[in-house]
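Visitor: Sequence and predicted structure, then a few things I'm wondering about:
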Amino acid sequence: MASISFSASVSSSTQFIRPSAFFLKPRSLSRLPLVRAKIREIFMPALSSTMTEGKIVSWIKSEGDVLSKGESVVVVESDKADMDVETFYDGILAAIVVNEGETAPVGAPIGLLAETEAEIAEAKAKAAAQSSPAPAPPVEQSAPVAAKIESPAAPAVAAAPPTPGKLVATPFAKKLAKQHKVDISKLVGTGPFGRVTPEDVEKAAGITAAPKPNLVAAAAPSAAAAAPVVSPPKAEKSFPEIPGSNVVPFTAMQSAVSKNMLESLSVPTFRVGYPIATDALDALYEKVKPKGVTMTVLLAKAVAMALVQHPVVNATCKDGKSFTYNGSINIAVAVAINDGLITPVLQDADKLDLYLLSKKWKELVEKARAKQLQPQEYNSGTFTLSNLGMFGVDRFDAILPPGQGAIMAVGASKPTVIADKDGFFSVKNKMLVNVTADHRIIYGADLAAFLQTFSKIIENPESLTM
Amino acid sequence: MQASVSSLYTPHPPHTIFRSNSDIQFCGLRREALGFQSISQFRNGESHRIGIVSTKPRSGKLTVFSASAAADNGSRRATSFDYDLVIIGAGVGGHGAALHAVEKGLKTAIIEGDVMGGTCVNRGCVPSKALLAVSGRMRELQDEHHMKALGLQVAAAGYDRQAVADHANNLASKIRGNLTNSLKAIGVDILTGFGTIVGPQKVKYGKVGFSENVVTAKDIIIATGSVPFVPKGIEIDGKTVITSDHALKLEFVPDWIAIVGSGYIGLEFSDVYTALGSEVTFIEAMDQLMPGFDPEIGKLAQRVLINPRKIDYYTGVFATKITPAKDGKPVTIELIDAKTKEAKDTLEVDAALIATGRAPFTKGLGLNNINVETQRGFVPVDDRMRVIDADGNLVPHVYCIGDANGKLMLAHTASAQGISVIEQLTGKDYVLNHLSIPAACFTHPEISMVGLTEPQAREKAEKEGFEISIAKTSFKANTKALAENEGEGLAKLIYRPDTGEILGVHILGMHAADLIHEASNAIALGTRVQDIKFAVHAHPTLSEVLDELYKSAKVNPHVSKSVSEPVSV
């Protein structure tokens, strides 16, 4: 962190003593209405022979600060190191043109140095012209003293009663106030003991609070929220606090679920239910069970075969303007695992036979439990199957995962009294399936037709083994 | 008597060099300064030597002993004393001294008045490293920009305060256990209770309210360490106004904490607290933050460790009165100007951590029984750690090491001083070069240093009439640092261009605490810049920062003369 100095003189605009890089150029006198005004431009210095642009690490001085010779003004980062840059001139840092964290090519003005207070306004105008493509605001050049540096930005809370006693603001609140030019003395603190908190300043500056790195309840684990918060604006603050409650932050998986669930709200969905007799399927299941075939795989296979005949139900609406017909039929199956949910995908479920699918499924479940699924193995689904039948649930309603056209919710198969068209009663096993679909691409008749096909396959399941 | 203690992780005990009479350079002391004479009395155990690796346990690295050993604690020699050596205080200094004493054949006892391991292991370096390990990771995981630059996506970084606190506590107990076992394994007698010197070569010990025992010893080492220093007017309640002792238990993470003092301790805690979500206000009596550091390093540290974080500060002020939070009121801190003594401000915060340094713990040692007066609590010693009495004479057979003598209050210093005392006791005139002792601050990134700061070097140069030069390298030019996306950092070398002597090295950057040892070893061994610059460093590693540093130094060979002798302070 070497330090270099910029030097220049008003009388000599061509010869610079050292270093070649960082210098001040006197503003052309002819353009100044005020005689002898000296506004110097501070340029991005070339700190090494290979440097073409530099990044402002930090401004050590703020606008309005009085500088004296030899003081460090700004820290510039080059490709090799950070350097403090000092001034050879007394003056006032009138305007910062390139802010902290921004880069500028070597030689570009990064700030303006005024010699007297009177020139600050002019320098500021100049800075405004430089920093924004928009026309510079009119400047009162005639004003003899336009000196006072103000920070007018913040719509300070007008109704604020004068704070009795002294103002207390937290370190970060002060930092933010300086950054956003908020007059902190006009704020009313909402923090403990009436102190001004970073949130108060952000509110005054009109910014929505950035995700807080981590909040700590004294005894509870922190609820960190560095996660990308996606859509709707949250109004969490209104929940009453119940004493003794325990905040447990989401795991990465739970955050992903939460995010997907919120996203799903933007899709117009509808649901169609269908009762299906399962006696034949149950009989088949008993037969193939010893070979390692599970009910899940049977259902997935049946869904895949039905989807072959109804490609629209396997399609996706990506942009709200078109159908995306998927080239393969990949059945995602919802699986509950510890503290979460994951959807391993049986790829090309229509093409693989029942036994291969079963083998594949076994692998996927093991990987899912070990949290070793590769992204391709859980996010490539084109249709999702969710089965709560084993818990005795007779029917339920699934949320459509983003990026898919439809999801099927399968309930339990139960003995049911059925009357046929001749009035004969019989008892048959029946299950209710309920499909949720994106109505932008899948219409009621599509779903109904798909379900009819599906029910035929289930009721005549021999084709599943072929 | 044949012992078979062996280290599990190194086949060659590094301390074999201390047993050898051969022509080997000793750490911290150049060969010429060594008197190689030995006293035969202390050498009669040579053939029974056991292979002990007396690794200094400063950062928790301890030797594991296979416990099959028959202890060898010098018991074969019959003397008129109960022990050859009694060490008062079982901290890192006492432990290091005890290990080395047994290795040298001294019958040794250690008096432990509090808990084994002392401040470092229980209330200092060790548990704080556990907290800093957490804060470093936390900070990294929260730095979305940093993560993104590496192509990583991290959803939500959170922490469980109690689990973090447990980690620190578990680490301390583990290290404490290791320390105790390492002493027991070699047969050091651990005597429990506060030790008091009752007369020449006589020490009394015992717990309060229990019967006291008196033991005699040929030599006594005082190694009682230090406690947090709390200035007048500050009321510690252990909850909202705390010292590092309390803070390390991490019983609560305040929203806003004021840290009084911006030295190592304060800085490390600011790193912990800000990573865990607190805002921090520093209160520093000097005009600048981090007054102990090289000014340039301090400036960079402020830019890297203070300015971008949720930290503000008051410099040039004293906290005259700090009142703990009670009756629904926050902690209040009254500040006065350090120079004019005028009242300046009153702060209201959620908690205050007092990190104004440490005070020696020397009360009740019975120093008056041997005519020794402490100076501000410190035991006066000469450069061989021999205790000096009120009349300026050396007290025979009494030594003081570590924080209690105040020379350089670092755990590893205590240990090194202890070893130097044992060397003297066993016939070698060994003077520790304190300028070769490195120091480190485990913030993220870390800061480390050895030798003189630039102003100190300039002062010395002016006084002694030589020139100094400065070389610097940036971590930004280091491949490994860039791969880690941690290019922030600086290494600085202060050296004599005429001789190539290294006067000081200061590093701020990733793993600086680990990097400094190359420089401290060079200073200890008297290696000059022009020699060390030919040493090869693996590529790409952070150590190349130092490689670059040495290579960028310009030594004028024409005026080269022998390196001046290391000076002990």
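Guide: Yep, it's here.
Visitor: Identify the bridge partners of the closest residue to chain A within the stretch 351-500 of chain B.
Guide: Nearest to chain A, among the residues of the stretch 351-500 of chain B, is residue B:474, at 3.9 Å (C-beta to the nearest C-beta). Backbone N, C-alpha and C define where each C-beta goes, glycine included. Per DSSP bridges, the residues bridged to residue B:474 are residue B:490.
Visitor: Near it, how many other residues are there?
Guide: As a burial measure, residue B:474 scores 23 neighbours (other C-beta atoms under 10 Å in any protein chain shown).
Visitor: Find me the pLDDT at it, would you?
Guide: For residue B:474, the model assigns a pLDDT of 92.
Visitor: One more: residue B:333?
Guide: 95.
Visitor: Can you get me the start-to-end distance on stretch A:389-406?
Guide: End-to-end distance for stretch A:389-406: 19 Å, by C-alpha to C-alpha, to the nearest Å.
Visitor: cool, stretch B:201-215 as well?
Guide: Terminal-residue distance, stretch B:201-215 (C-alpha to C-alpha): 9 Å.
Visitor: Only the buried residues of it, if you could.
Guide: B:201, B:202, B:203, B:204, B:205, B:206, B:215 (16 or more other C-beta atoms under 10 Å in any protein chain shown).
Visitor: pLDDT on it, on average?
Guide: 85.
Visitor: Name the member of the buried residues of stretch B:201-215 with the shortest distance to residue B:145.
Guide: residue B:205 (56.9 Å; C-beta to C-beta).
Visitor: Could you pull up the residues touching the closest one?
Guide: Residue B:205 makes contacts with B:111, B:113, B:191, B:192, B:193, B:194, B:195, B:196, B:212, B:213, B:215, as judged by C-beta atoms under 8 Å, 6 or more residues apart in numbering or on different chains.
Visitor: Give me the subset of those lying in strands.
Guide: Among these, the residues falling in strands (DSSP state E) are B:111, B:191, B:192, B:194, B:195, B:196, B:213, B:215.
Visitor: all strands for the stretch 251-400 of chain B, in order.
Guide: Along the stretch 251-400 of chain B, counting by DSSP state E, counting those that start in this stretch, strands occupy B:256-260, B:279-284, B:311-315, B:317-323, B:331-337, B:343-349, B:351-354, B:358-360, B:386-388, B:394-400.
Visitor: Distance to residue B:89 added to these, as CSV?
Guide: Shown next, in CSV, are the strands of the stretch 251-400 of chain B (distance: least, C-beta to C-beta, whole Å):
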stretch, distance to residue B:89
strand B:256-260, 27
strand B:279-284, 31
strand B:311-315, 35
strand B:317-323, 30
strand B:331-337, 34
strand B:343-349, 35
strand B:351-354, 23
strand B:358-360, 11
strand B:386-388, 14
strand B:394-400, 10
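Visitor: Run through the residues that contact residue 295.
Guide: Because you didn't say which chain, this covers chain A. A:285, A:387, A:389 are the contacts of residue A:295 under C-beta under 8 Å, 6+ apart.
Visitor: Chain B is the one I meant
Guide: B:288, B:453, B:454, B:455.
Visitor: Which of these are buried? Put it as a PyMOL command.
Guide: PyMOL command restricting those to the buried ones, with burial defined by 16+ other C-beta under 10 Å:
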select buried, chain B and resi 453+454
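Visitor: And the contacts of residue B:295, which is the shakiest by pLDDT?
Guide: Comparing these by pLDDT, residue B:288 comes last, at 86.
Visitor: Now do that one against chain A, distance only.
Guide: In this view, residue B:288 and chain A are 14 Å apart by C-beta to the nearest C-beta, to the nearest Å.
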